[in-house]
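S.K.: Sequence and predicted structure, then a few things I'm wondering about:
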Amino acid sequence: MQGFKPNNLYRRLYSSTSDAATYLNCHLSFFLSNQITDYKSLLRSHGFIITTGQTNNIFIASKLISLYSSFNKPYLSERVFESVHVGDTFIWNSIVKAHFSNGNYSRAVEFYVRMRLSNILPNTFTIPMVVTACAELHLLNYGIVIQGIASTLGLFADNSAVGSSFVYMYSMCGRMEDAARVFEEMSIRDVVAWTVLVIGYVQNDESEKGLRCLCEMHKVGGNGERPNSRTLEGGFIACGNLEALLEGRCLHSLAIKTGTSCAQAVQSSILSMYTKCGAPDESYLSFCEVGIKDLISWTSILALYARLGCIVKCLYLFWQMLVAGVYPDGIVISCLLSGFGKSMRVSEAKAFHGIILRRNYVNNQMVNEALLSMYCRLGLFAFVEKLFDRMRDLDKESWNLMVSEHGKAGLESKCIQLFREMQHLGLEFDSNSLLFVISSCSRLGATHLGQSLHCSAIKNFLHENVSIANSLIDMYGKNEKLATAWKIFCRTQKDTVTWNTLISCYTHSGHCTEALYLFDKMVSEGVKPNLATLVTVLSACSFIASLEKGEQIHSYIIERGIDFNIRLGTALVDMYAKCGQLKKSREVFEVMKEKDVISWNVMISGYGMHGDAESAIEIFQKMEDSNIRPNELTFLAVLSACAHAGLVKEGKFLFDKMGEYSVSPSLKHYACMVDLLGKSGYLHEAEAMVLSMPMNPDGGLWGALLSACKIHNNTEMGIRIAKHAIEADPENDGYYILIADLYTSLGRWEEAENMRMMMKEMGLGKGAGWSTV
């Protein structure tokens with residue numbers, strides 16, 4: 001320490017110079033020995049320093065700058081700095097650090113600029129602070145300039161802190177390639193450098209790279225490069241983002257092995273990881289291990305159980321949280337309300353709503369939206385409307401939620417009405433609302449309104465949103481405006497759903513050849529079709545009986561190793577059956593690991609349409625032996641097969657069997673039986689069945705019986721049945737012509753002529769025939 005020279009003031013205050021020097025040395029030793037713990041002691045020591053004339057001592061000045069900074073008084077640090085007339089790197093570093101440590105990053109950078117203007121060179125202590133300040137302020141360009149200076153001065157050599165600061169800066173500015181490049185060029189890497197890179201990847205949504213980097217660190221790092229608690233924290237966040245449960249478990253084991261799992265931050269990140277991965281058991285165990293359970297910890301575990309719909313567990317933990325003295329915020333209440341919505345427990349949901357009101361829990365906009373969403377999910381839309389009308393200061397989020405939820409529930413008219421009201425109030429709609437309103441227009445066939453929404457999407461620059469574009473393609477396609485759908489498709493940044501939507505529109509509009517062409521184009525452009533794509537194009541093949549194309553798609557499925565799920569397998573069975581390849585259809589059916597009622601129905605129907613009623617009945621019997629119950633479509637398919645083959649006995653047996661499965665016959669089932677009985681000559685039995693039906697027969701059913709009467713030349717009965725048919729369907733000219741022909745065959749010319757006159761009076765006429773030749 002430099003010797004102190006007492007001035008005249010001290011000579012007046014103290015009798016001897018030695019006593020004064022001893023007294024001052026004692027105070028200065030106290031000052032320099034880090035024993036100052038309060039602001040008043042600092043001011044007293046600063047006073048002694050001023051009176052001794054040592055304010056220009058850079059070591060003492062640096063200490064003063066640091067102490068004022070520690071008491072959050074950086075402006076006093078500046079005063080001390082300005083009073084020093086000797087300037088070197090050491091004192092400049094002190095003032096830069098004073099502002100940096102207090103979060104005054106802009107002032108830290110300003111002092112660095114002054115330092116450079118004073119021709120003072122930075123060192124390995126200056127650069128990390130200033131570069132980190134640039135990172136926090138996103139001053140990328142200035143940071144690059146500093147990197148050039150550091151490189152010129154050779155500050156990267158044998159110093160990890162300098163390199164780490166630049167890795168951090170590039171990470172904060174979203175330049176991970178540059179961050180990785182700096183990291184690779186570092187000759188010395190410590191745990192800080194690795195940690196900065198891992199967390200940089202995670203924060204820039206590159207969690208997979210972050211996790212890979214952590215694994216490499218653990219693999220190649222030396223003693224000074226082992227993952228610490230902060231590194232592992234970043235790794236757990238990455239696992240949570242990726243829902244990588246297995247990797248998260250391995251990382252958890254490493255944390256236990258290294259002893260870092262006891263840190264509060266690590267415990268919280270482990271809990272967050274397991275909850276994001278949807279592992280309730282491990283999440284609960286991790287929650288129990290958290291030493292200090294704060295509101296975030298309780299929120300994490302409650303959110304998981306709410307997401308899984310485990311409302312009983314959710315409520316138990318909620319009461320435990322209250323017992324622990326942790327007061328719930330809006331997020332916790334919203335999580336519970338979401339859980340009630342998924343659990344479908346109406347009474348309990350209403351009761352919890354009552355608790356919120358009675359206990360005056362947080363009742364902010366977030367909770368109001370959660371309440372609306374809960375009641376929408378529970379299907380209580382009348383209650384939702386009352387609640388919505390009572391709410392004050394409704395913002396655009398609440399309106400958007402109402403529009404979306406009504407659209408999601410299939411309440412198209414109400415969805416559109418709410419959207420119109422929202423626009424009338426001048427509230428901004430979001431892409432989700434617009435998506436559901438367009439879908440509602442599509443289902444209602446409201447093309448004109450849909451076109452208006454298309455205009456709104458363009459005005460609000462939402463038409464480039466791929467989901468909005470897909471919904472517009474679907475709307476125009478379903479309403480036979482395929483040219484417009486194609487134009488939107490061509491202008492859109494396409495995903496798999498975009499291709500699927502247009503392919504589906506072509507298929508359902510009967511343009512199956514175009515749908516198959518589009519599928520080929522999709523594959524040629526390198527877009528990978530999903531199961532929905534394959535099911536749709538197989539449906540197109542079925543519609544036009546394109547066996548060659550269907551077999552190509554089947555080969556594509558096998559070559560790509562795509563697993564047959566129920567939908568895909570059923571589509572293949574249907575395609576082969578409709579292309580007349582019953583053997584192949586049966587082969588695919590047999591290799592299906594799982595079958596649902598639709599799969600069985602398709603196979604039965606396939607045999608039926610080709611007149612193989614015995615095989616259809618065989619499949620029906622196998623279906624009965626399985627755990628799948630036949631439905632009304634099953635019986636319709638098998639009865640239709642019997643009708644085509646004329647199997648009266650089997651048909652009657654199957655019709656009677658419907659009652660065993662609590663399936664009530666519909667008009668279509670009766671039509672099959674009447675057709676079967678009528679064509680087989682059981683005309684009176686068929687008529688009796690029609691007259692005993694629990695519902696009124698339609699013209700089609702009477703028409704089937706009338707055709708049977710003509711086949712079997714039962715004219716008298718035919719005339720009687722024809723009158724019933726005309727009564728049921730007076731606009732059908734075929735019945736008039738048929739009854740006129742029956743009168744003619746009996747020689748009842750006058751009655752035949754009267755029937756033709758009646759047709760003329762009613763404006764009915766026999767349609768002109770046409771030929772495909």
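M.R.: Ah, there it is. Numbers count the residues shown, from 1 in each chain.

S.K.: Against which helices or strands is the strand or helix carrying D574 packed?
M.R.: Using DSSP states H and E, D574 sits within helix 566-578. Contact partners of helix 566-578 among helices and strands, from 3 or more Cβ pairs under 8 Å, 6 or more residues apart in numbering; DSSP states H and E: helix 531-544, helix 547-559, helix 582-591, helix 597-609. To be clear about C-beta, it is placed using only N, CA and C from the backbone, and glycine gets the same treatment.

S.K.: Including mean pLDDT, distance to E184 and mean neighbour count, could the ones you listed go into TSV?
M.R.: Compiled in TSV, those are given as follows (pLDDT from 0 to 100; distance: least, Cβ to Cβ, whole Å; neighbours: other Cβ atoms under 10 Å):
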stretch	mean pLDDT	distance to E184	mean neighbour count
helix 531-544	94	42	22
helix 547-559	93	40	16
helix 582-591	94	52	16
helix 597-609	94	56	24
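
S.K.: Would you convert those into JSON lines that also reports distance to V523?
M.R.: Converted to JSON lines, those look like this (distance: least, Cβ to Cβ, whole Å):
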{"stretch": "helix 531-544", "distance to V523": "9"}
{"stretch": "helix 547-559", "distance to V523": "8"}
{"stretch": "helix 582-591", "distance to V523": "22"}
{"stretch": "helix 597-609", "distance to V523": "26"}
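
S.K.: Look up the pLDDT of the closest residue to M366 other than its chain neighbours for me, please.
M.R.: In space, M366 comes closest to G330 once its chain neighbours are excluded; the distance is 4.4 Å by Cβ to Cβ, 6 or more residues apart in numbering. As predicted, G330 sits at a pLDDT of 90.

S.K.: Next, count neighbours for G330.
M.R.: Residue neighbour count, defined by other Cβ atoms under 10 Å, stands at 17 for G330.

S.K.: what residues are up against it?
M.R.: Under the criterion of Cβ atoms under 8 Å, 6 or more residues apart in numbering, the contact list for G330 reads 362, 364, 366-367.

S.K.: quick one: which of those residues has the most company?
M.R.: The most crowded member of these is V367, carrying 20 neighbours; neighbours defined as other Cβ under 10 Å.

S.K.: Look up how far H353 lies from that residue.
M.R.: 10 Å (Cβ to Cβ, to the nearest Å).

S.K.: Common neighbours of these two, please.
M.R.: L337.

S.K.: Spatially nearest residue to Y39 (excluding sequence neighbours)?
M.R.: What sits nearest to Y39 in space, not counting adjacent residues and going by Cβ to Cβ, 6+ apart, is F71, at 5.1 Å.

S.K.: For that neighbour, give its distance to Y735.
M.R.: Using Cβ to Cβ, we find F71 at a distance of 103 Å from Y735.

S.K.: Then W92?
M.R.: From W92 over to Y735 (counting by Cβ to Cβ), the distance is 105 Å.

S.K.: Also G747?
M.R.: G747 sits 21 Å away from Y735, taking Cβ to Cβ as the criterion.

S.K.: higher neighbour count, those two?
M.R.: Between G747 and Y735, counting by other Cβ under 10 Å, Y735 is the more crowded of the two (26 against 8).

S.K.: got the buried residues for whichever helix or strand that one is part of?
M.R.: For Y735, the enclosing helix or strand under DSSP H and E is helix 733-745. Buried residues in helix 733-745, counting neighbours by 16 or more other Cβ atoms under 10 Å, are found at 734-740, 742-743.

S.K.: Just the mean pLDDT for it, thanks.
M.R.: For helix 733-745, the mean confidence score works out to 77.

S.K.: residues touching H252, list them.
M.R.: Residues 236, 261, 270, 273 are the ones in contact with H252 under the rule Cβ under 8 Å, 6+ apart.

S.K.: so which helix or strand takes in it?
M.R.: H252 belongs to helix 245-258 when assigned by DSSP H and E.

S.K.: And the pLDDT at the nearest residue to V638 once chain neighbours are set aside?
M.R.: Distances taken as Cβ to Cβ, 6+ apart put F620 closest to V638, at 4.9 Å, once the chain neighbours are dropped. Model confidence at F620, given as pLDDT, is 95.

S.K.: what does T772 give?
M.R.: The score at T772 is 32. That number is its pLDDT.

S.K.: Ok, G765 next?
M.R.: pLDDT, G765: 55.

S.K.: list the contacts for L155?
M.R.: So L155 contacts 122-124, 127, 162 (Cβ under 8 Å, 6+ apart).

S.K.: Okay, and which of the residues you listed map to helices?
M.R.: When DSSP state H defines the helices, the subset of the contacts of L155 inside them is 127, 162.
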